[in-house]
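> pasting the sequence and the predicted model now:
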Amino acid sequence: MTSDLIFDVQNVTLRFGGVISLSDVSLNHKRGEILAVIGPNGAGKTSLFNSLTGVYQPQEGSITFFGRNAKPISIIGKKAHRVSTAGVARTFQASRMFSALTTFENVKIGAESHRGIGVLGAMVKGPATRRGEKMSDARTIELLDFVGLRDKANTISASLSYGDRRRLEIARGLATNPQVLLLDEPAAGTNPAEKIQLTQLIRKVRDEMGVSILLIEHDMKLVMALAERLYVLNFGSVIAEGTPDEIRANAAVVEAYLGSTTSDAEELK
């Protein structure tokens with residue numbers, strides 16, 4: 001893991017009318033790092049993700065993404081599709097897959113979205129378009145193999161288990177060739193065995209593909225086993241930052257979770 005940054009967030013404030021969703025939030029994400037953002041329900045975690053991906057536009061502060069060749073890009077003011085093209089991919093807590101399509105078709109859509117052939121190219125199906133389509137097919141198979149879904153390429157995605165759906169969403173995110181992958185509750189709905197497999201896959205994405213990982217997750221055992229560093233949000237503000245051991249020992253974090261659920265607080269220990 002290198003010391004340069006993939007994200008630099010400084011003093012971000014996000015308001016919806018009179019409601020402050022994020023208040024003076026600053027954080028940094030190192031290139032090649034597995035970073036987690038945790039906090040009780042309503043702490044502002046999803047608002048932060050939406051701000052990092054161009055879905056929300058904060059009123060104050062700056063978000064700098066260091067994309068391909070470490071070129072700095074200001075995220076605030078960019079449309080979500082522009083942020084995606086720059087190298088930021090994400091999954092969602094609620095599945096956004098195309099349920100009536102196969103796993104192959106779902107991933108291929110992600111691969112096709114970054115080919116930039118345009119409407120005319122898609123209609124004419126010239127040599128360049130056909131070559132590009134073959135490349136997308138090959139990339140799709142490669143990614144399904146990588147996440148362990150090659151044998152389910154022709155399976156309708158709606159029939160997949162929760163664990164396989166999470167793998168599919170990761171493959172679809174990777175199909176856009178990202179520099180960083182934002183995972184929103186990747187373990188939601190999975191069983192203990194699937195959580196172990198998911199942890200292994202996330203590490204594999206970072207280690208073998210060199211993709212930086214930023215995740216939101218309520219399963220504290222998974223977070224503490226996976227993340228190298230954590231930020232803790234509460235009521236829209238950062239209340240702590242550090243390694244898993246430092247976060248476990250932080251009194252403000254324990255108090256925040258005790259105000260949420262006792263089980264969450266216990267898992268921090």
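Done, it's in. Numbers count the residues shown, from 1 in each chain.

> where does the stretch 101-250 of the chain have low pLDDT?
Applying pLDDT under 70 to the stretch 101-250 of the chain picks out residues 113-130, 132.

> helices of that one, residue ranges please.
In the stretch 101-250 of the chain, helices defined by DSSP state H, counting those that start in this stretch lie at 103-112, 118-124, 127-147, 162-174, 192-209, 220-226, 244-248, listed in chain order.

> can you tell me which of the ones you listed comes nearest to Leu5?
Closest approach to Leu5 among the helices of the stretch 101-250 of the chain (CB to CB): helix 192-209, 15.6 Å. For the C-beta atoms, the positions are set from N, CA and C on the backbone; glycine is no exception.

> could the helices of the stretch 101-250 of the chain go into JSON lines alongside distance to Asn154?
Formatted as JSON lines, the helices of the stretch 101-250 of the chain follow (distance: least, CB to CB, whole Å):
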{"stretch": "helix 103-112", "distance to Asn154": "6"}
{"stretch": "helix 118-124", "distance to Asn154": "23"}
{"stretch": "helix 127-147", "distance to Asn154": "10"}
{"stretch": "helix 162-174", "distance to Asn154": "13"}
{"stretch": "helix 192-209", "distance to Asn154": "21"}
{"stretch": "helix 220-226", "distance to Asn154": "30"}
{"stretch": "helix 244-248", "distance to Asn154": "40"}
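
> in a markdown table, list these along with mean neighbour count and distance to His29.
Converted to a markdown table, the helices of the stretch 101-250 of the chain look like this (neighbours: other CB atoms under 10 Å; distance: least, CB to CB, whole Å):
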| stretch | mean neighbour count | distance to His29 |
| --- | --- | --- |
| helix 103-112 | 23 | 22 |
| helix 118-124 | 11 | 33 |
| helix 127-147 | 16 | 23 |
| helix 162-174 | 23 | 16 |
| helix 192-209 | 16 | 12 |
| helix 220-226 | 19 | 15 |
| helix 244-248 | 16 | 16 |
